[in-house]
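> got a structure for you, letters missing:
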């Protein structure tokens with residue numbers, strides 16, 4: 001098992017972020033794994049597997065030529081137009097080398113469709129700037145040979161150290177109202193589950209589009225209330241935000257690219273995980 005796994009050299013762009021960091025932790029024991037970070041960090045600068053990288057100023061080819069990855073995982077954040085240019089460069093690199101790209105996209109590529117959940121081969125359409133930007137990169141990557149691209153569409157991601165959970169904890173501490181969207185029906189996931197799922201996708205050499213969210217759907221306000229209860233808080237100030245009078249869906253469900261049972265999850269498991277950490 002280890003022999004087949006160690007043949008990959010993986011570069012995680014955005015490895016110091018929430019999801020990128022979780023992926024690095026999951027993969028570094030099995031593969032030669034490298035990552036980029038943005039903010040000055042004395043610990044990471046001493047680590048030979050990490051490269052400081054500013055996507056608006058630095059040339060990604062410099063890092064690619066040093067690492068010579070066989071798999072690139074893109075979990076970058078930052079200026080949208082700079083990210084589009086970086087992904088153009090990554091597409092060039094992938095076309096010319098024996099390398100595959102795993103791109104972390106979002107349920108927002110479907111945010112114009114509010115009447116039902118979305119599946120892998122549904123047409124993308126977005127009303128948001130963020131959704132538009134993700135679609136632009138997806139379309140660029142879908143022009144590459146199929147065997148070189150994995151697109152991972154994610155719903156809202158939670159986890160013990162996630163920005164979303166940290167923000168809820170901070171708001172509770174400061175008695176600030178927490179915004180909830182009662183009409184929003186979504187599915188959810190955690191950083192640890194996504195990292196395990198991507199590990200499986202790498203091991204099994206899978207390609208294509210994957211929707212990695214919980215199998216069940218939840219209302220945003222109910223789910224946030226459950227998270228607050230899992231923190232042992234009985235009373236919190238919630239601010240209901242109604243963007244529409246009707247229920248609207250922002251959920252990515254799998255139809256074709258299903259993962260094994262042990263890699264699927266239900267929303268209540270996420271609340272359980274938060275409860276015990």
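That came through, no problem. This one's a predicted model, so the numbers in the text were calculated from it and none came from an experiment. Numbering: from 1, shown residues only.
> Check the gap between the nearest residue in space to residue 122 that is not next to it in sequence and residue 64 for me.
Nearest residue to residue 122, sequence neighbours excluded (Cβ to Cβ, 6 or more residues apart in numbering): residue 110, at 6.7 Å. Every C-beta, even on glycine, is put in place using the N, C-alpha and C of the backbone. Distance, residue 110 to residue 64, using Cβ to Cβ, to the nearest Å: 31 Å.
> In terms of neighbours, single out the busier of these two.
residue 110 (25 against 20; other Cβ atoms under 10 Å).
> got any ranges where the stretch 151-277 of the chain has weak pLDDT?
277 (pLDDT under 70).
> Mind jotting down where the strands sit in it?
Using DSSP state E, counting those that start in this stretch, the strands found in the stretch 151-277 of the chain span residues 156-158, 178-180, 184-186, 188-190, 208-211, 218-219, 238-240, 248-250.
> Mind giving me the packing neighbours of the helix ranked longest in the chain?
In terms of residue count, the longest helix belonging to the chain (DSSP state H) is helix 80-96. Packing partners of helix 80-96 (3 or more Cβ pairs under 8 Å, 6 or more residues apart in numbering; DSSP states H and E): helix 60-67, strand 71-74, strand 100-106, helix 129-141.
> Quick one: closest of those to residue 80.
helix 129-141 (4.3 Å; Cβ to Cβ).
> Show me what the closest one is packed against.
helix 80-96, strand 100-106, strand 149-154.
> Repeat the analysis, applying 6 Å as the threshold.
helix 80-96, strand 100-106 (3 or more Cβ pairs under 6 Å, 6 or more residues apart in numbering; DSSP states H and E).
> what's the angle between the last one and helix 80-96?
Computed with axes from the mean of the first three to the mean of the last three Cα atoms, to 10 degrees, the direction of strand 100-106 lies at 150 degrees from that of helix 80-96.
> rewinding a little: I'd like to know which of the helices and strands packed on helix 80-96 is closest to residue 28.
That would be strand 71-74 among those, by Cβ to Cβ, at 12.2 Å.
> who does that closest one pair up with?
strand 9-13 (parallel), strand 100-106 (parallel) (DSSP bridges).
> Give me the contact list for stretch 148-162.
Residues outside stretch 148-162 that contact it (Cβ atoms under 6 Å, 6 or more residues apart in numbering) are 18, 94, 100-107, 138, 141, 164-165, 186-191, 207, 209-213, 252, 270, 277.
> returning to what we had before: adding distance to residue 261 and mean pLDDT, write the helices and strands packed on helix 80-96 out as TSV.
Converted to TSV, the helices and strands packed on helix 80-96 look like this (distance: least, Cβ to Cβ, whole Å; pLDDT from 0 to 100):
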stretch	distance to residue 261	mean pLDDT
helix 60-67	35	96
strand 71-74	24	98
strand 100-106	22	98
helix 129-141	28	98
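> Generate CSV for these, with distance to residue 35 as supplementary columns.
As requested, these are arranged in CSV below (distance: least, Cβ to Cβ, whole Å):
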stretch, distance to residue 35
helix 60-67, 10
strand 71-74, 9
strand 100-106, 14
helix 129-141, 20
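> buried sites along stretch 117-124?
117, 118, 119, 120, 122, 124 (16 or more other Cβ atoms under 10 Å).
> do stretch 65-77 as well
Those would be 67, 69, 70, 71, 72, 73, 74, 75, 76, for stretch 65-77 by 16+ other Cβ under 10 Å.
> Setting aside sequence neighbours, what's the nearest residue to residue 147?
Nearest one to residue 147, counting by Cβ to Cβ, 6+ apart, is residue 207 at 5.4 Å.
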